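Peer 1: Any chance you can model this:
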Amino acid sequence: AIELKDKCQNIGAKLVQDVANNTNEEAGDGTTTATILARAIAKEGFDKIIKGANPIEIRKGVMLAVEKVVEQLKKMSKQVTTPEEIAQVATISANGDTAIG
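Peer 2: This next block holds a predicted model:
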């Protein structure tokens with residue numbers, strides 16, 4: 001476990017760690033993307049708060065954006081049903097290694 005001396009940094013590190021763990025549990029992949037997105041959202045949010053934005057409004061905006069992104073991803077998604085499609089997904093998850101995928 002990561003433990004930082006600075007209390008605020010430690011909270012941020014734990015948050016990113018939770019994001020990665022939850023992503024891994026839910027999807028089994030995508031932890032790097034999730035942590036990069038979490039950092040960007042947090043950084044932009046804190047920057048806006050420092051400039052006087054309302055934290056509650058920022059949270060509402062982030063939650064609305066998440067809803068819209070999930071909605072769009074669902075529209076773009078494709079059901080995977082055949083063994084060939086499953087193998088293709090596995091190969092992509094294995095960074096293109098067909099022996100593993």
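Peer 1: ok, residue 15 - contacts?
Peer 2: Contact partners of residue 15, counting by C-beta atoms under 8 Å, 6 or more residues apart in numbering, are 38, 42. Yep, even glycine has a C-beta here, placed from its N, CA and C like the rest.
Peer 1: After the helix or strand containing it, which helix or strand is next?
Peer 2: Counting by DSSP states H and E, the element that carries residue 15 is helix 7-27. Next along the chain after helix 7-27, taking DSSP H and E as the criterion, comes helix 31-50.
Peer 1: for the following helix or strand past that following helix, packing partners?
Peer 2: From helix 31-50 onward toward the C-terminus, using DSSP H and E, the following helix or strand is helix 55-76. Judged by 3 or more C-beta pairs under 8 Å, 6 or more residues apart in numbering; DSSP states H and E, helix 55-76 is in contact with helix 31-50.
Peer 1: just how off-centre is the helix or strand bottoming out on mean pLDDT in the chain within its chain?
Peer 2: Within the chain, no helix or strand scores below helix 7-27, which has a mean of 88 by mean pLDDT, DSSP states H and E. The chain centroid and the centroid of helix 7-27 are separated by 10 Å under C-alpha atoms, centre = their mean, to the nearest Å.
Peer 1: what's the angle from it to helix 31-50?
Peer 2: Interaxial angle of helix 7-27 relative to helix 31-50 (axes from the mean of the first three to the mean of the last three C-alpha atoms, to 10 degrees): 140 degrees.
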